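In: Pasting the sequence and the predicted model now:
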Amino acid sequence: MRKTLIALMFAAALPTVAMAMPQDGGPLGGPLDGPRHGGQMHGGMHGKGPYSQLDLTREQREQIRKIMGEQMHERKQVVDKYLEKLSPADQKAMKDEIAANHKKAESDVRALLKPEQQKQFDEIQKKRAERRAEWAEFKAWKAQQAQKAQ
């Protein structure tokens, strides 16, 4: 029950955290030279987001962020729609290939890190795995509650 409550609180707090993004950072208006962005990105923009040169107002940035979020959600729905049309064997093969690519990328990143960074990276990965397990537990609980309600 405690893990479920934590997962529910995390899910409820996520939109608040997303809105707390720094005004001048990230993909909508600022340098992308942090550790997650690797310096230069967006083809020739030399470390700036694609909208950084447009002098956007805060409201415009928020609206663009909303549009981009909706587009990402719609793209996921399209992928899921076509994924459902695949045979179960092809679905599993595709998911396995994606997981293998992800694992290889993590391994390649870890290999670039110094030993103390590797320890920190491993701890971050462990925490992520715990959160995924809690989220899966929460989804199972939610599905069980929906069945009880019927």
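Out: Happy to help now that I have it.

In: From now on I want contacts and neighbour counts done on CA atoms only, so please keep to that.
Out: Noted.

In: Which pLDDT value goes with residue 38?
Out: Residue 38 is assigned 44 on the pLDDT scale.

In: What are the buried residues along stretch 125-139?
Out: 131, 134, 135, 137, 138 (16 or more other CA atoms under 10 Å).

In: pLDDT of that stretch, averaged?
Out: On average, the pLDDT along stretch 125-139 is 95.

In: With just CA atoms, put it into CSV.
Out: The C-alpha coordinates for stretch 125-139 follow below in CSV (Å, rounded to 0.1, in the frame of the first residue of the first chain):
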residue,chain,number,x,y,z
GLN,A,125,19.7,3.0,-12.8
LYS,A,126,18.8,1.0,-9.6
LYS,A,127,16.4,3.8,-8.5
ARG,A,128,14.8,3.9,-11.9
ALA,A,129,14.3,0.2,-11.9
GLU,A,130,12.6,0.5,-8.4
ARG,A,131,10.3,3.3,-9.7
ARG,A,132,9.4,1.2,-12.7
ALA,A,133,8.6,-1.7,-10.4
GLU,A,134,6.5,0.5,-8.2
TRP,A,135,4.7,1.9,-11.3
ALA,A,136,3.9,-1.6,-12.6
GLU,A,137,2.6,-2.5,-9.1
PHE,A,138,0.4,0.6,-9.1
LYS,A,139,-1.0,-0.1,-12.6
